[in-house]
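1. okay, here's the prediction I keep looking at, along with the sequence it came from:
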Amino acid sequence: MIVLAVDCMGGDHGPQATLPACRQFLDQRPDAQLILVGQPAALAGFTHERARVVPATEVVTMDDAVEVALRKKKDSSMRVAIQRVKDGAAQAAVSAGNTGALMAIARYLLKTLDGIERPAIATQMPNAQGGATTVLDLGANVDCTAEHLLQFAVMGSALVSVLKNEDRPTVGLLNIGEEVIKGSDEIKRAGELLRAAAAAGDLNFVGNVEGNDIFKGTADIVVCDGFVGNVALKTSEGLAQMINQFLREEFSRNLLTKLCAAVSYPVLMALKRRLDHRRYNGAALLGLRGLVFKSHGSADALAFEQALARAYDAASHQLLARVQQRIAHAAPLLAPPAARTESAT
């Protein structure tokens with residue numbers, strides 16, 4: 001059985017979204033069990049033979065400061081769910097709650113893997129190939145060194161190898177141009193490390209990529225700092241929302257517009273579905289000694305079920321072990337510059 005611990009109280013909608021998603025998830029996966037964490041009164045109406053409720057008296061709100069979530073709300077549904085992963089009662093935790101709080105609590109309880117200085121947030125964005133491009137980091141780390149970007153690439157490769165069942169997914173470094181001479185000094189040095197990792201067989205690095213390559217599907221994985229990654233993510237979500245608004249407006253105009261829209265309906269709906277960010281919901285917090293997945297805070301039941309599915313896939317395909325194996329193999333390159341210099345002498 002794959003056991004997931006679910007923070008049922010997190011996000012904008014709480015149990016109204018998480019509980020229907022949990023039921024749908026369980027009905028589709030007979031080898032899964034869920035630990036539903038939250039305030040008992042809010043979860044009282046949910047029953048399923050493969051689900052049990054673990055009470056938590058507190059809730060981390062979307063506005064809570066990290067310090068409040070970490071130091072003062074020690075019986076929050078978010079913390080109790082992650083604690084189940086630490087204790088070995090669950091293989092992964094899923095929450096739609098406050099991103100900063102989730103990362104802080106997960107890092108505090110689970111700690112980082114050997115060879116990883118900073119965890120990263122990785123998720124998928126739709127691309128023109130009909131699939132998705134995995135991008136990291138998406139906001140956990142604003143300022144990144146070249147070594148951090150290499151660590152992200154190694155962890156992202158492990159994640160995509162699980163999601164796509166592909167041993168050597170391609171990796172691109174987000175830059176202002178494809179040429180190796182472009183970018184900041186840190187980005188240039190990251191490119192050098194990534195090329196060295198490719199030569200050592202640790203990565204399938206294809207070079208620098210630009211922002212539009214995320215949506216072209218030029219590489220399976222695109223690595224960047226958290227500031228740039230978060231901007232790219234919000235841009236993608238904004239584009240999907242704009243298309244949804246456009247469709248609603250066109251179907252409500254005059255008769256001629258309605259007729260034209262009706263004729264093009266199948267194509268428009270196919271485009272809408274491909275860009276629907278709910279289908280790609282579920283970001284992995286990589287680099288921790290346990291699996292934690294972040295759902296979008298505004299996720300509805302459909303989107304939250306996708307986050308559960310991603311956590312299930314990661315757990316059933318031993319994502320944590322794969323990340324550890326790749327990190328161990330790339331250890332000489334992942335070390336900080338000072339450590340590499342000492343080992344060389």
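-> Okay, I see it.
2. and the helix or strand encompassing Ala153, what's buried?
-> Using DSSP states H and E, Ala153 sits within helix 146-163. The neighbour-count criterion (16 or more other CB atoms under 10 Å) identifies 146-163 as the buried residues of helix 146-163. Heads up, the C-betas are built off the backbone N, CA and C, glycines and all.
3. show me what the mean pLDDT comes to for it.
-> Here helix 146-163 scores 91 as its mean pLDDT.
4. tell me how far the residue nearest to Ala284 when sequence neighbours are not counted lies from Val54.
-> Distance criterion CB to CB, 6 or more residues apart in numbering; nearest residue to Ala284, sequence neighbours excluded, is Ala122 at 5.0 Å. Distance, Ala122 to Val54, by CB to CB, to the nearest Å: 27 Å.
5. which one of the two has more residues nearby?
-> Ala122 (27 against 20; other CB atoms under 10 Å).
6. can you pull the contacts of that one?
-> Neighbour list for Ala122: Thr134, Val135, Leu136, Asp137, Leu138, Phe152, Met155, Gly156, Leu159, Ala283, Ala284, Leu286 [criterion: CB atoms under 8 Å, 6 or more residues apart in numbering].
7. from Val68, how far out is the spatially most central residue of the chain?
-> In the chain, the centroid-proximal residue (CA atoms, centre = their mean) is Ala283; its distance is 1.5 Å. Ala283 sits 22 Å away from Val68, going by CB to CB.
8. now do Lys182
-> Lys182 is 42 Å from Val68, by CB to CB.
9. what pLDDT is listed against the nearest residue to Thr112 once chain neighbours are set aside?
-> Leaving aside its sequence neighbours, Thr112 sits nearest to Gly287 (CB to CB, 6+ apart; 5.4 Å). Gly287 carries a pLDDT value of 93.
10. what number of residues lie near Gly287?
-> Gly287 has 29 neighbours, counted by other CB under 10 Å.
11. okay, now the unreliable bits of the chain?
-> Low-confidence segments of the chain (pLDDT under 70): 239-240, 243-244, 246-277, 335-345.
12. tell me the bridge partners for Ile121.
-> Leu285 (DSSP bridges).
13. contacting residues around it?
-> 99, 103, 136-140, 226, 229, 283-286, 294.
14. 7 Å instead?
-> Taking CB atoms under 7 Å, 6 or more residues apart in numbering, we find Ile121 in contact with Leu136, Asp137, Leu138, Gly139, Ala140, Ala283, Leu285, Lys294.
15. same thing with Leu136?
-> By CB under 7 Å, 6+ apart, the neighbours of Leu136 are Ala120, Ile121, Ala122, Phe152, Gly156, Val223, Gly229, Leu286.
16. again, only using 6 Å
-> By CB atoms under 6 Å, 6 or more residues apart in numbering, the contact list for Leu136 reads Ala120, Ala122, Phe152, Gly156.
17. surely Asn208 touches Val171?
-> No: at 10.9 Å, Asn208 and Val171 do not qualify as touching, with contact defined as CB atoms under 6 Å.
18. who has more neighbours, these two?
-> Comparing Asn208 with Val171 by other CB under 10 Å, the one with more neighbours is Val171, at 28 against 23.
19. three-state assignment of Ala5?
-> On the three-state scheme (DSSP: H, G, I helix; E, B strand; the rest coil), Ala5 is labelled strand.
20. for it, name its beta-bridge partners.
-> What pairs with Ala5, by the bridge criterion (DSSP bridges), is Ile35, Ala93.
21. what residues does it make contact with?
-> Per CB under 6 Å, 6+ apart, neighbours of Ala5: Ile35, Ala81, Arg84, Ala90, Ala93.
22. just the ones in strands from the contacts of Ile121, please.
-> Leu136, Ala283, Leu285, Lys294 (DSSP state E).
23. any chance of the residues you listed in a markdown table, plus distance to Asp27?
-> Shown next, in a markdown table, are the ones in strands among the contacts of Ile121 (distance: CB to CB, whole Å):
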| residue | distance to Asp27 |
| --- | --- |
| Leu136 | 31 |
| Ala283 | 24 |
| Leu285 | 27 |
| Lys294 | 24 |
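24. isn't Ala132 right next to Val160, touching?
-> No: Ala132 lies out of contact with Val160 (CB under 6 Å); the separation is 9.6 Å.
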